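> need coordinates for the below:
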Amino acid sequence: MINRRDFISLLACSVAAPSIASAQVRSGKLALYASVGAELTQYDVDVNEGSLVRRASVTLSAGVQYAWPHVSGQYLYVASSNGGVGSSGATGDLHHASAFRIDPLSGGLTLHGNPISLPSRPIHITTDVPSRHVLIAYNNPSRITVHRVSDDGTIGTEVKQAPLDAGIYAHQTRVSLSNRTAILVTRGNDASGGKPEDPGALKVFDFNDGLLTKEVAIAPEGGYGFGPRHLDFHPTQPWMYVSLERQNQIWAYKLEKNGVDPDPMFKISTLAHPLQVRPRQIAGTVHVHPNGRFVYGVNRADGTNEVDGKRLFIGGENSIAVYEINPSTGGLKLIQNADTRGIHARTFHIDPSGRMLVAANLMPLMVRGNAGVQMIPASLSVFRIGGDGKLEFVRKYDVDVGNATLFWMGMVKLG
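Got it, this is the predicted structure:
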């Protein structure tokens with residue numbers, strides 16, 4: 001069974017599509033890709049040193065939303081859009097999915113085939129386990145599409161589906177490691193401006209050769225007070241960990257032969273101080289360590305108020321919550337909250353060896369500290385992962401994002 005990390009670690013290539021099963025011998029090198037607006041930049045990664053070296057960039061037609069690699073490590077699939085973020089963001093008119101060829105030695109990207117047009121802003125892109133299909137989630141309106149992967153690795157025709165209930169504000173889609181179940185994570189929305197809360201849900205489908213059937217919704221209390229954003233799978237056990245953005249929690253579920261047990265096994269806060277929640281305090285990405293012993297979830301805060309004509313950070317937790325997994329029950333024990341050294345880490349990634357974690361701090365923000373008011377820039381923060389799962393900060397690399405944000409980041413093992 002392949003251990004597919006959500007943040008696109010490539011740990012094997014044995015189930016690649018038949019036409020590319022004889023991929024080159026893997027180099028052992030890593031490339032990190034990070035997006036600022038429409039620019040996608042490659043960095044060399046040295047896990048031993050915990051260092052990054054910036055290399056080349058490619059520019060897409062619109063802002064990068066998410067990316068995911070082919071299981072062979074030869075191609076990177078990138079979703080892009082000029083639509084705005086959030087449920088009230090601008091609709092936009094440029095929405096694409098593109099395939100890039102990854103140079104096996106340098107990690108450089110070359111457009112591979114023509115981008116395909118999409119119906120609206122794609123917020124997440126993934127593949128099934130053997131990378132025979134690309135699955136794309138859209139937030140507004142909420143939907144999911146499935147596209148075949150051609151023998152040459154390009155994105156092919158869409159697989160037509162029967163009518164599906166895609167919930168409200170889809171944020172992620174994943175295919176289980178068995179390759180038999182697809183899950184669409186639909187976040188819902190908080191009540192705001194006189195508009196009532198939109199409920200969230202996990203939409204669970206049977207998945208067979210690109211077809212989504214037998215939809216089941218997991219939505220406790222009708223989905224009210226339930227705002228799932230992101231999930232990841234345990235590499236060897238039938239366990240799934242789901243972050244609840246609006247509740248600052250992680251819930252653990254048991255995977256079954258044909259779906260997901262709707263009753264969570266376990267619930268836990270992501271916060272070090274769960275009774276001191278500031279405005280704009282939300283949970284985000286969750287990843288299971290490759291060794292299956294730890295779970296990592298991100299806390300994001302970027303609330304501001306105006307002081308002397310400047311927007312200043314009002315405080316909150318910007319951290320990576322580290323949990324130890326109970327090997328018998330799948331339950332979690334919080335063992336650390338590590339400061340990300342930046343504001344709002346929208347994405348983070350663990351390298352395939354499990355020794356390094358990189359967090360992408362989304363945005364610059366003015367912060368009042370002991371030395372007065374200073375600008376904290378967007379950045380890539382590098383941590384070393386110890387044998388006990390805890391994080392040790394190594395260094396960070398400031399990133400000039402201009403009027404954009406450091407919206408997505410992930411690592412790929414070159415091959």
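
> mind listing the strands for the stretch 1-150 of the chain?
Counting by DSSP state E, counting those that start in this stretch, the stretch 1-150 of the chain has strands at residues 30-36, 39-46, 51-59, 63-69, 75-81, 95-102, 109-111, 116-117, 122-127, 133-139, 142-149.

> with mean neighbour count, mean pLDDT and distance to residue 246 as extra columns, can I get these in JSON lines?
C-beta: built from backbone N, CA, C; applies to glycine. Compiled in JSON lines, the strands of the stretch 1-150 of the chain are given as follows (neighbours: other Cβ atoms under 10 Å; pLDDT from 0 to 100; distance: least, Cβ to Cβ, whole Å):
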{"stretch": "strand 30-36", "mean neighbour count": "25", "mean pLDDT": "98", "distance to residue 246": "25"}
{"stretch": "strand 39-46", "mean neighbour count": "19", "mean pLDDT": "98", "distance to residue 246": "30"}
{"stretch": "strand 51-59", "mean neighbour count": "15", "mean pLDDT": "98", "distance to residue 246": "32"}
{"stretch": "strand 63-69", "mean neighbour count": "25", "mean pLDDT": "98", "distance to residue 246": "20"}
{"stretch": "strand 75-81", "mean neighbour count": "27", "mean pLDDT": "98", "distance to residue 246": "23"}
{"stretch": "strand 95-102", "mean neighbour count": "23", "mean pLDDT": "98", "distance to residue 246": "26"}
{"stretch": "strand 109-111", "mean neighbour count": "15", "mean pLDDT": "98", "distance to residue 246": "35"}
{"stretch": "strand 116-117", "mean neighbour count": "14", "mean pLDDT": "98", "distance to residue 246": "32"}
{"stretch": "strand 122-127", "mean neighbour count": "24", "mean pLDDT": "98", "distance to residue 246": "16"}
{"stretch": "strand 133-139", "mean neighbour count": "25", "mean pLDDT": "98", "distance to residue 246": "15"}
{"stretch": "strand 142-149", "mean neighbour count": "21", "mean pLDDT": "98", "distance to residue 246": "16"}
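
> among those, which comes closest to residue 413?
strand 30-36 (5.7 Å; Cβ to Cβ).

> please state the offset of the closest one from the chain centre?
Centroid separation for strand 30-36 versus its chain: 13 Å, with Cα atoms, centre = their mean, to the nearest Å.

> re the thing from before, turn the strands of the stretch 1-150 of the chain into JSON lines, columns for distance to residue 166.
Below are the strands of the stretch 1-150 of the chain laid out as JSON lines (distance: least, Cβ to Cβ, whole Å):
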{"stretch": "strand 30-36", "distance to residue 166": "25"}
{"stretch": "strand 39-46", "distance to residue 166": "27"}
{"stretch": "strand 51-59", "distance to residue 166": "31"}
{"stretch": "strand 63-69", "distance to residue 166": "17"}
{"stretch": "strand 75-81", "distance to residue 166": "16"}
{"stretch": "strand 95-102", "distance to residue 166": "16"}
{"stretch": "strand 109-111", "distance to residue 166": "29"}
{"stretch": "strand 116-117", "distance to residue 166": "19"}
{"stretch": "strand 122-127", "distance to residue 166": "12"}
{"stretch": "strand 133-139", "distance to residue 166": "8"}
{"stretch": "strand 142-149", "distance to residue 166": "4"}
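
> now the strands: where do they sit in the stretch 151-300 of the chain?
Secondary structure of the stretch 151-300 of the chain, counting by DSSP E, counting those that start in this stretch: strands at 155-158, 170-175, 181-186, 201-208, 211-218, 228-233, 239-244, 249-256, 259-260, 266-269, 281-288, 294-301.

> would you turn those into a markdown table with mean neighbour count and mean pLDDT?
Shown next, in a markdown table, are the strands of the stretch 151-300 of the chain (neighbours: other Cβ atoms under 10 Å; pLDDT from 0 to 100):
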| stretch | mean neighbour count | mean pLDDT |
| --- | --- | --- |
| strand 155-158 | 17 | 98 |
| strand 170-175 | 24 | 98 |
| strand 181-186 | 26 | 98 |
| strand 201-208 | 21 | 98 |
| strand 211-218 | 16 | 98 |
| strand 228-233 | 25 | 98 |
| strand 239-244 | 26 | 98 |
| strand 249-256 | 21 | 98 |
| strand 259-260 | 19 | 96 |
| strand 266-269 | 17 | 98 |
| strand 281-288 | 24 | 98 |
| strand 294-301 | 26 | 98 |
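
> next, format the ones you listed as a markdown table and append distance to residue 403.
Output for the strands of the stretch 151-300 of the chain, formatted as a markdown table (distance: least, Cβ to Cβ, whole Å):
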| stretch | distance to residue 403 |
| --- | --- |
| strand 155-158 | 30 |
| strand 170-175 | 24 |
| strand 181-186 | 29 |
| strand 201-208 | 34 |
| strand 211-218 | 38 |
| strand 228-233 | 25 |
| strand 239-244 | 28 |
| strand 249-256 | 33 |
| strand 259-260 | 41 |
| strand 266-269 | 34 |
| strand 281-288 | 22 |
| strand 294-301 | 20 |
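
> between the ones you listed, which gets nearest to residue 143?
Nearest to residue 143, of all the strands of the stretch 151-300 of the chain, is strand 170-175, at 6.7 Å by Cβ to Cβ.

> counting by contacts, list what the closest one packs against.
Applying 3 or more Cβ pairs under 8 Å, 6 or more residues apart in numbering; DSSP states H and E, we find strand 170-175 packed against strand 122-127, strand 133-139, strand 142-149, strand 181-186, strand 228-233.

> could you redo the last one with a cut-off of 10 Å?
strand 122-127, strand 133-139, strand 142-149, strand 181-186, strand 201-208, strand 228-233, strand 239-244 (3 or more Cβ pairs under 10 Å, 6 or more residues apart in numbering; DSSP states H and E).

> strand partners of it, parallel vs antiparallel please.
When pairing is defined by DSSP bridges, strand 170-175 lines up against strand 181-186 (antiparallel).

> and the angle for the partner strand with strand 228-233?
Strand 181-186 and strand 228-233 are oriented at 150 degrees to each other (axes from the mean of the first three to the mean of the last three Cα atoms, to 10 degrees).

> tilt between strand 181-186 and strand 142-149?
Taking the same axes, to 10 degrees, one finds strand 181-186 and strand 142-149 inclined to each other by 140 degrees.

> specify the angle between strand 181-186 and strand 133-139 in degrees.
Calculated by the same axes, to 10 degrees, strand 181-186 forms an angle of 20 degrees with strand 133-139.

> now find how far off-centre strand 181-186 is within its chain.
Distance of strand 181-186 from the chain centroid (Cα atoms, centre = their mean) equals 14 Å.
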